[in-house]
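[1] what follows is a predicted protein model with its sequence.
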Amino acid sequence: MLLKLKTFIEESVDEMKNKVSWPKYSELQSSSILVLIASVIFAFMIGAIDYAFDNAMDFLYKAF
C-alpha cells in the first residue's frame, strides 16, 4: 500500500510539472476579471429577484 501511495504521488507531481498546460499570467488575469464581472452581475440579479419576491410577499401578506 505504501508503494502505491508513493507511486501515486510521484505520478501526480510529474503530471503537474510536465503534462498540465498552465495559463500565462495575462490569460489568468483576463479570466479572473471576467469571473469577477460575471459574479457581480449575478449578485445584482439575485438581489433584484430577492427584492421583488420580498415586496410581493409583503403585498400578499398585507392583502390578507
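    Looks like it arrived, so ask away.
[2] can you tell me which helix or strand residue 14 belongs to?
    helix 2-14 (DSSP states H and E).
[3] other SSEs contacting the following helix or strand past that helix?
    The helix or strand immediately downstream of helix 2-14 is helix 25-63, counting by DSSP H and E. Taking 3 or more CB pairs under 8 Å, 6 or more residues apart in numbering; DSSP states H and E as contact, there are no helices or strands that helix 25-63 lies on. Backbone N, C-alpha and C define where each C-beta goes, glycine included.
[4] state the number of residues packed around residue 38.
    10 (other CB atoms under 10 Å).
[5] relative to residue 32, how far out is it?
    From residue 38 over to residue 32 the distance is 11 Å, taken as CB to CB, to the nearest Å.
[6] do the same with residue 51
    For residue 51 relative to residue 32 (CB to CB), the value is 29 Å.
[7] ok, now residue 59?
    For residue 59 relative to residue 32 (CB to CB), the value is 41 Å.
[8] now do residue 63, the pLDDT please.
    As predicted, residue 63 sits at a pLDDT of 88.
[9] actually residue 22, sorry about that
    89.
[10] what's the answer for residue 18, then?
    92.
[11] what is the burial count for it?
    7.
[12] distance of it from residue 12?
    Residue 18 is 11 Å from residue 12, by CB to CB.
[13] so how many other residues sit close to residue 11?
    Counted with other CB under 10 Å, residue 11 comes out at 11.
[14] for this structure, give me the ranges with low pLDDT.
    By pLDDT under 70, the chain has no low-scoring segment.
[15] so what's the residue sitting nearest the centre point of it up against?
    The centroid of the chain falls nearest to residue 35 when counting by CA atoms, centre = their mean (7.7 Å). Residue 35 sits next to no residue when contact means CB atoms under 8 Å, 6 or more residues apart in numbering.
[16] go on, the one 4 residues further on?
    Shown in contact with residue 39 (CB under 8 Å, 6+ apart): no residues.
[17] tell me how far it lies from residue 47.
    12 Å.
[18] swap in residue 59?
    19 Å.
[19] can you check residue 31 too?
    Taking CB to CB, one finds residue 31 at 25 Å from residue 47.
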